[in-house]
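Structure here, sequence nowhere to be found:
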């Protein structure tokens, strides 16, 4: 039988828990609202309880647990960093509580990295020697996976490709990264919404709504989409130039309109990346949408290295 | 005794040949002018002859040969790509001729990558888990070395970090990479010279001369250096954000004035890279200057893996 991984996806709004097979099938899941006010231990014990419950009701033991958590996570040390949404969860309380409750190996990583690992393990990046996952939603999250490993900088730091500067002369307030004119500040869904609001202050719209209007032929929205496409394209083309990866997958809310943005992105790559074999870089949509969180969480658990070590699940109560 | 590597540095203007110890000491070298008109085989045989001569006169056998060549090189296949300076050398003639003449293992790589490998093996990047070498001269060459390996993209492609776009709104003619506003087109020595010439068309100066004037307190030159420093700084800060490498080393002609540019670079990193642990990224000057070519060439030869294989020099005529 396939090994079953316990998956835990902790966001600012909701906590989801599920069972995922080593083939990437989500067997079952439950979710509830995050209560950031709750003492962390009290908030985490129910996660363990739900995992036990799911495991029991399906009659499948777990080999281990992978967690995807909003905010910075020190993967190697299993420690949650400074967290805007879950300040009470900072430190090692998530891992220590789950390990104590479940007696299983538990791993955690940032949710954006986890989504990338999910796409790499079972989705759009499967088998690629070099893979970049770009999540375009309120911000722009980027993970680079080389030879199956998430690329991390010195001391395990997660690079922030979404915040490289593409407009050195940008005016206005700085991004929270400190830069003026970084990619995220110009090409995220939020950036598109701000541009729309500047033009039509009486009629603020969400990124998705702007895309829908464009799809329905509304000229002002199409202009906005073209501009967003160009900003997106310049940053993606920069990553093509800088990494020449085998596959780039695009996910996140804004990429619900993938087909609409693709021509702009391709045009920018064709124009801007003539020194590298751009034709060998495959651009594709992310495979997972609703399930991305839990599949990503499961992919955080190093299934194969763990099994190679000959370890086995001894927790089957 | 230390293993001795034959080093061959082939540029558009000159060919240099030397002996380098495994500790990175240049024992001896000779050089002559490149004759691009010459049939490649006829041009390459003297390289082999000089290596034999050096080896004999110092009484040291060679374990193998490393070559640094201008233009694109397919390292894994040992093939020189389309080459503006040495069109007759395209293909495998360099390696096949040297191997046939010397009966030794021979490896070749692009000269910019080779310089980075030299700095990584014996210089500024020694021991760094992640290392970026930036060569600022007429252009901007960048090599990324992760865990001792040059990072290459799909099909062994060399990424071109020097050509990522930092000014999305740049006007004027496109760079040869296709982009408007790429880093090289704004921050190379050539870019600085062009800016100077626009301001003072009657008095064109080389980058080095502008730096010298600035060092001597000439205000116009200092303004030019400050602008160049900002352009350089934005691109370097982007690499800090995107890779968070342990060490970044700066080499090339323009970095002869390293101390003058450093404050601008540091200022840009401090401002622009607040999401990553910038304080852990060490910025330093390249160690090798005149010797960079031959030490780089020697570093192209995979000394340790070769020795691990238990191979030995059998050519000792």
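Nice, thanks for sending it over. No experiment lies behind these values; they were computed from the predicted model shown.

Just give me the neighbour total for residue A:102.
21 (other C-beta atoms under 10 Å in any protein chain shown). (Glycine included, C-beta is placed from N, CA and C.)

what's the answer for residue A:145, then?
Neighbours of residue A:145 (other C-beta under 10 Å): 23.

Help me confirm that it comes into contact with residue A:126.
No: counting by C-beta atoms under 8 Å, residue A:145 does not reach residue A:126; the two are 10.9 Å apart.

any common contacting residues for those two?
Residues touching both residue A:145 and residue A:126 by C-beta atoms under 8 Å, 6 or more residues apart in numbering or on different chains: residue A:120.

quick one: residue A:243 from chain B, how far?
6 Å (C-beta to the nearest C-beta, to the nearest Å).

and what of residue A:118?
The value you get for residue A:118 to chain B, if C-beta to the nearest C-beta is used, is 22 Å.

Can you tell me the element that residue falls in?
Taking DSSP states H and E as the definition, one finds residue A:118 inside helix A:111-122.

Please list the residues outside that helix that contact it.
Helix A:111-122 is contacted by residues A:9-11, A:23-24, A:66, A:68-70, A:73, A:75, A:109, A:125-126, A:128, A:131, A:133, A:135, A:141-143, A:145, A:148, A:150, A:158, A:249, A:251, A:286-288, A:292-293, A:295-300 when judged by C-beta under 8 Å, 6+ apart.

State the mean pLDDT of the helix or strand hosting residue A:67.
Assigned by DSSP H and E, residue A:67 falls within strand A:62-69. Average pLDDT, strand A:62-69: 96.

Each with direction, which strands does it pair with?
Using DSSP bridges, the strands paired with strand A:62-69 are strand A:4-10 (parallel), strand A:106-110 (parallel).

winner for burial among the ones you listed?
strand A:4-10 (a mean of 28; mean count of other C-beta atoms under 10 Å in any protein chain shown).

just how off-centre is it within its chain?
Strand A:4-10 sits 15 Å away from the centroid of its parent chain (C-alpha atoms, centre = their mean, to the nearest Å).

got the angle for that strand vs helix A:111-122?
150 degrees (axes from the mean of the first three to the mean of the last three C-alpha atoms, to 10 degrees).

show me where chain A has strands.
A:4-10, A:14-21, A:26-33, A:62-69, A:73-74, A:79-80, A:106-110, A:130-136, A:140-146, A:149-150, A:247-251, A:282-285 (DSSP state E).

anything in stretch A:193-210 near chain B?
No: for a cut-off given as C-beta under 8 Å from any C-beta of the partner chain, stretch A:193-210 has no contacts with chain B; the smallest distance is 14.2 Å.

If you count neighbours, what's buried in that stretch?
If you call a residue buried by 16 or more other C-beta atoms under 10 Å in any protein chain shown, then stretch A:193-210 has these buried ones: A:193, A:195-196, A:205, A:207, A:210.

Give me the mean pLDDT for stretch A:42-54.
The model assigns stretch A:42-54 a mean pLDDT of 97.

So which bits of it are buried?
For stretch A:42-54, by 16+ other C-beta under 10 Å, it's A:43-44, A:46-48, A:50-52, A:54.

mind listing which of these are in helices?
A:43-44, A:46-48, A:50-52, A:54 (DSSP state H).

Need the residue closest to the centroid of chain A.
residue A:112 (2.5 Å; C-alpha atoms, centre = their mean).

Which pLDDT does the model give that residue?
89.

What is the burial count for residue A:147?
Around residue A:147 there are 12 other residues, counting by other C-beta under 10 Å.

returning to that earlier point: please spell out the ChimeraX selection for the buried subset of the contacts of helix A:111-122.
Here is the ChimeraX command that picks out the buried ones among the contacts of helix A:111-122, judged by 16+ other C-beta under 10 Å:
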select /A:9,10,11,24,66,68,69,70,73,75,109,125,128,131,133,135,141,142,143,145,150,158,249,251,286,287,288,292,293,295,296,297,298,299,300
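
CSV for the strands paired with strand A:62-69, including distance to residue A:224?
Listed next are the strands paired with strand A:62-69 as CSV, based on distance: least, C-beta to C-beta, whole Å:
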stretch, distance to residue A:224
strand A:4-10, 32
strand A:106-110, 30
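
residues from the stretch 101-250 of chain A in reach of chain B?
So the stretch 101-250 of chain A meets chain B at A:129-130, A:146, A:151-155, A:157-161, A:163-169, A:176-179, A:181-182, A:186, A:230-231, A:234, A:237-238, A:241-246 (C-beta under 8 Å from any C-beta).

What about residue A:130, how many residues nearby?
21.

any idea which of the ones in helices among the buried residues of stretch A:42-54 is closest to residue A:88?
Checking those against residue A:88 by C-beta to C-beta gives residue A:43 as the nearest, at 7.7 Å.

for the stretch 151-300 of chain A, what spans make up the helices?
Ranges of helices within the stretch 151-300 of chain A are A:183-187, A:189-199, A:207-215, A:219-243, A:258-272, A:292-300, based on DSSP state H, counting those that start in this stretch.

Below-threshold pLDDT in chain A: ranges please.
Low-confidence segments of chain A, defined by pLDDT under 70, span residues A:304-317.

In terms of residue numbering, what are the domains of it?
Domain assignment for chain A, taken from automatic domain parsing, gives A:4-114+A:291-308, A:129-285.

need those domains in TSV with distance to residue B:28, can you?
Shown next, in TSV, are these (distance: least, C-beta to C-beta, whole Å):
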stretch	distance to residue B:28
domain A:4-114+A:291-308	46
domain A:129-285	36
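
Those: which one's closest to residue B:19?
Here domain A:129-285 is closest among those (C-beta to C-beta), at 34.1 Å.

How many residues are close by the residue lying closest to residue A:27 once chain neighbours are set aside?
Counting by C-beta to C-beta, 6 or more residues apart in numbering or on different chains, residue A:19 is the residue found nearest to residue A:27 once chain neighbours are left out, at 4.3 Å. When neighbours are defined as other C-beta under 10 Å, residue A:19 has 22 of them.

Alright, that wraps it up for me.
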